[in-house]
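> generate a structure from the sequence data that follows.
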Amino acid sequence: MLWLLAGALALVQTGCSSVHADRQEVPELLEPVRKQEDLYEVKRGTIEKKLSGPGIFIPASTKFYSYTKDGRVEQIFVKPGDTVKKGDLLIQLYTSDLEAKIADQRLVVAEAEDNLKNKLATQDPEQIRLAKLNQDVEQMKLEALEQNLRDRSLVADRSGVVTFVDLIQPGSNITAYRDLVGISDPKEMLFMYTSQRNNNELYAINRDMAATVEFNGKVYTGKVIQSPRNAPSSNNIIESDKGNKSLLIQLDQNPPDAVFGSQGELSIVTDRAENVLIIPRVGLRSYQGRSYVRILDGDVRREVDVVKGIETATEVEIRRGLEEGQKIILNN
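I've put the predicted structure just below:
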């Protein structure tokens with residue numbers, strides 16, 4: 001009996017120890033963190049789509065100079081950027097022995113004149129006629145030689161800035177009617193914008209569209225006079241590519257401190273809408289051709305299909321699907 005009592009007592013003590021050993025603190029339950037929504041209230045306003053970028057001032061027109069005969073270059077007197085005046089020598093070709101021929105021919109003309117004077121003293125009409133005819137022929141030969149000498153000198157017939165010089169050196173052979181030098185009037189300039197790639201935005205630009213150019217902190221107004229839509233066709237690949245990627249702007253007044261090559265910033269409004277619904281572009285979502293936004297309706301998030309209009313880098317016009325005052329979710 002004593003042994004049974006001792007065993008029962010030991011069993012009770014063991015059970016109590018086990019109960020105390022299994023007792024642990026219950027973890028505190030935390031409320032789930034609610035994600036903060038980044039919301040935007042749909043508002044009305046004005047949205048503009050612009051084409052903008054850097055460009056340079058270029059000559060409005062250039063007078064090109066060439067020879068009417070073949071020849072060999074003796075000396076080049078100008079380089080791009082030089083300012084020249086009317087009458088300045090641009091290029092000189094080798095004259096060979098023309099100076100000596102002209103000197104000899106002047107002597108022949110002088111002798112013909114003396115011969116005519118002697119014949120006049122004889123009062124013989126036939127001899128006078130022949131002497132006069134001989135003098136005229138020799139004079140014409142002299143004038144032809146002198147013109148040939150002048151033709152070997154390329155001379156500016158206007159003042160301006162040299163904007164083009166062909167890649168020639170002294171000793172180079174040139175052909176007739178090859179453009180060698182170009183001179184432009186510094187007061188007549190256009191502004192040219194060139195895209196770095198075939199930009200579809202350029203084809204939305206029409207002739208006479210309003211444009212502005214910012215230069216040295218001032219804004220100058222003007223209009224488009226050439227775009228890819230009305231650029232002249234050319235068989236020259238370089239010129240054709242240039243016409244497909246460039247815009248020419250004629251300003252109402254050129255900046256007084258601008259020169260050829262000066263850089264400015266072009267801006268053309270290609271589309272504009274007033275009093276329309278506008279949202280940030282980050283709020284517009286797309287999937288497989290579907291355009292939609294997520295709105296917060298009370299505590300419920302919903303997806304709403306929309307029809308978009310003008311798009312810029314930061315904003316989108318919504319033409320259908322939203323109402324003013326609704327709140328769209330910008331974050332995910």
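> tell me the contacts of I102?
Going by C-beta atoms under 8 Å, 6 or more residues apart in numbering, I102 touches 142, 145-146, 149. In short, each C-beta sits where N, CA and C put it, glycine included.
> secondary structure, pLDDT and distance to S227 for these - can I get that in TSV?
Formatted as TSV, the contacts of I102 follow (DSSP: H, G, I helix; E, B strand; the rest coil; pLDDT from 0 to 100; distance: C-beta to C-beta, whole Å):
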residue	secondary structure	pLDDT	distance to S227
L142	helix	91	55
L145	helix	85	52
E146	helix	87	50
L149	helix	82	48
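> farthest pair in those?
Greatest spatial distance among the contacts of I102 (C-beta to C-beta): L142 and L149, at 10.8 Å.
> looking at these two, which is more packed in?
The residue with more neighbours, out of L142 and L149, is L142; 19 against 16, by other C-beta atoms under 10 Å.
> and the residue nearest to the more buried one when sequence neighbours are not counted, which helix or strand is it part of?
Spatial nearest neighbour of L142, chain neighbours left out: Q105 (4.5 Å); criterion: C-beta to C-beta, 6 or more residues apart in numbering. Assigned by DSSP states H and E, Q105 belongs to helix 98-122.
> quick check: D257 touching G217?
No - shown here, D257 and G217 do not form a contact pair, counting by C-beta atoms under 8 Å, at 11.0 Å.
> rewinding a little: mind listing what the residue nearest to L142 touches?
Contacts of Q105 (C-beta under 8 Å, 6+ apart): 138, 141-142, 145.
> any quick ChimeraX command for the buried ones out of the residues you listed?
Per 16 or more other C-beta atoms under 10 Å, the buried members of the contacts of Q105 correspond to this ChimeraX selection:
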select :138,142,145
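> poorly predicted segments of the stretch 51-200 of the chain, please.
197-199 (pLDDT under 70).
> any idea how far the residue nearest to L142 lies from K119?
The gap separating Q105 from K119 is 21 Å, by C-beta to C-beta, to the nearest Å.
> try L89
42 Å.
> more neighbours: which of these two?
Legend: neighbour count by other C-beta under 10 Å for L89 and K119, higher for K119 (20 against 14).
> you'd agree the more buried one is up against E126?
No - the pair K119 and E126 does not pass the contact test of C-beta under 8 Å, sitting 9.3 Å apart.
> which neighbours do those two share?
Counting by C-beta under 8 Å, 6+ apart, nothing touches both K119 and E126.
> now do the domain split for the protein, please.
39-46+276-329, 52-61+185-271, 64-94+154-184, 95-151 (automatic domain parsing).
> quote the end-to-end distance of the third one.
End-to-end distance for domain 64-94+154-184, by C-alpha to C-alpha, to the nearest Å: 9 Å.
> what's the distance between that domain and the middle of its chain?
28 Å (C-alpha atoms, centre = their mean, to the nearest Å).
> that's a helix at I225, yeah?
No - membership of I225 in a helix is not supported by DSSP: H, G, I helix; E, B strand; the rest coil, which gives strand.
> can you count the residues close to it?
16.
> swap in E317?
With other C-beta under 10 Å as criterion, E317 counts 20.
> pLDDT score for it?
With respect to pLDDT, E317 scores 96.
> what about G87, which SS state?
Applying three-state DSSP: G87 is coil.
> residues touching it, list them.
So G87 contacts 155-156 (C-beta under 8 Å, 6+ apart).
> repeat that for S246.
Neighbours of S246 in contact, by C-beta under 8 Å, 6+ apart: 192-195, 226, 228, 231.
> do E265 as well
52-55, 213-215.
> can you list those residues in CSV and add secondary structure?
Formatted as CSV, those follow (three-state DSSP):
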residue, secondary structure
S52, strand
G53, strand
P54, strand
G55, strand
V213, strand
E214, strand
F215, strand
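> L251: which of the residues you listed is nearest?
For these, the nearest to L251 is V213 (6.2 Å; C-beta to C-beta).
> please name the nearest non-neighbouring residue to the closest one.
Per C-beta to C-beta, 6+ apart, closest to V213 is G264, 4.6 Å.
> helix or strand next in line after the helix or strand hosting the one you found, which one?
Element membership of G264, judged by DSSP H and E, is strand 263-280. Counting by DSSP H and E, the next helix or strand C-terminal to strand 263-280 is strand 285-287.
> surely R294 is in contact with I329?
Yes - using C-beta under 8 Å, R294 makes contact with I329 at a distance of 4.3 Å.
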